[in-house]
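Novice: build the 3D model from these lines:
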Amino acid sequence: PELHPDDLALLKAAPVYSEAWGIRLEPSPEPGNFLAEGDQVAFGGITLRVLFTPGHCPGHVVFYNAVEGYVIGGDVLFQRSIGRTDLPGGNHAQLLESIRTKLFPLPDETVVWPGHGPETTIGEERAENPFL
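Specialist: A predicted model of the protein is given here:
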């Protein structure tokens, strides 16, 4: 797996945390690569830029495609909502700062594909999100 180094502790603790939900996880393999702000991730003819967006977890990142105008956002920004910060490693102030400094500078028409739930756009969330 690839991840931001600030999430390595969560990755290693995942089998313990999962037991609280009744799920048994095997330990994950060690990361082959660490991601950092500005890195380029390429696959299948697509290139995505890594944006470091901590808050939901310490090493949260999103993947931005400036050419096609979308963000694969994980659990940072949702349609009219934001990511949880009450789980281990969450930080509400950091999450808000990540949204304001990394996502809201993107063009209004940028589509956000969150980790779950319906898609939205940066412009819609800047104008309508009650949590921001």
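
Novice: all helices of this structure, in order?
Specialist: For the chain, the helices defined by DSSP state H occupy 8-19, 92-98, 122-128.

Novice: turn those helices into a markdown table, including mean neighbour count.
Specialist: In this view, the C-beta of every residue, glycine as well, is placed from N, C-alpha and C. Listed next are the helices of the chain as a markdown table, based on neighbours: other C-beta atoms under 10 Å:
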| stretch | mean neighbour count |
| --- | --- |
| helix 8-19 | 14 |
| helix 92-98 | 17 |
| helix 122-128 | 16 |
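
Novice: redo those as TSV? Include mean pLDDT and distance to Pro27.
Specialist: As requested, the helices of the chain are exported to TSV (pLDDT from 0 to 100; distance: least, C-beta to C-beta, whole Å):
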stretch	mean pLDDT	distance to Pro27
helix 8-19	88	6
helix 92-98	98	27
helix 122-128	98	36
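
Novice: out of those helices, nearest to Val61?
Specialist: helix 92-98 (9.9 Å; C-beta to C-beta).

Novice: please name every helix or strand in contact with the lengthiest strand in the chain.
Specialist: For the chain, the strand with the greatest residue count under DSSP state E is strand 46-52. Other elements packing on strand 46-52 under the criterion 3 or more C-beta pairs under 8 Å, 6 or more residues apart in numbering; DSSP states H and E are strand 40-43, strand 61-65.
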